[in-house]
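Engineer: What follows is a predicted protein model with its sequence.
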Amino acid sequence: MNPATLANLVALVHFAWVAFLVLGLAAILLGIALRWEWVRNKWFRLIHLGMIGYVVGESLLGVACPLTVWEHQLRQRAGQRTLEGDFIAGWVHRLMFFQAEPWVFTTAYVAFGAAVLATLVLAPPRWRGRGESVDQRHEQARSASE
């Protein structure tokens, strides 16, 4: 696969990462308000927390995002100017990147991470007991709501 195509794929993966974080938090907040049980899924919540934790950590440590670095290198190898590319990559970059001082991004990432942590308090994930069947859990939920 040529470097330009790989760079576009990396840009799409990067966009998917950001979209999962943003839409995931929105879904959690909406789920809290509407009492959607699925937003308490432990795997969804742990993956979401881990992903924003990684972003916050690299930002606080001053480490460049590996996806950004990788895409940059691939675009250089393809002879393209960095942070540009074909139509799809151009739109992905317009949605994800804008110019600001580094501290602005770090502050935004830390605030977003704090919001994700707050949702763990507002709607903690469900840690189901071992050996408990789905029917038993539904029966317990039904009994609790009556």
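Structural biologist: Great, that's in hand. Here the structure is a predicted model, which is why all the values come from computation and not from measurement.

Engineer: what sits against the residue positioned nearest the centre of the chain?
Structural biologist: Note on the chain: the residue nearest the mean C-alpha position is Leu21, at 2.5 Å, using CA atoms, centre = their mean. Under the criterion of CB atoms under 8 Å, 6 or more residues apart in numbering, the neighbours of Leu21 are 48, 51-52, 55, 112. C-beta here means a position set from N, CA and C on the backbone, and glycine is covered the same way.

Engineer: in what helix or strand does it lie?
Structural biologist: Using DSSP states H and E, Leu21 sits in helix 3-34.

Engineer: That helix: how far from the chain's middle?
Structural biologist: The chain centre lies 5 Å from the centre of helix 3-34; the measure is CA atoms, centre = their mean, to the nearest Å.

Engineer: If you count neighbours, what's buried in that helix?
Structural biologist: By neighbour count on 16 or more other CB atoms under 10 Å, the buried set for helix 3-34 is 3-4, 6-8, 10-11, 14-15, 17-18, 20-21, 24-25, 27-29, 31.

Engineer: likewise stretch 53-65?
Structural biologist: 55-56, 59.

Engineer: what does it rub up against?
Structural biologist: With CB under 8 Å, 6+ apart, stretch 53-65 has contacts from 14, 21, 102, 105-106, 109-110, 112-113.

Engineer: got any ranges where this structure has weak pLDDT?
Structural biologist: Scanning the chain for pLDDT under 70 picks out the ranges 82-98, 129-146.

Engineer: What segments of it are helices?
Structural biologist: Along the chain, counting by DSSP state H, helices occupy 3-34, 42-60, 66-77, 87-96, 102-122, 134-145.
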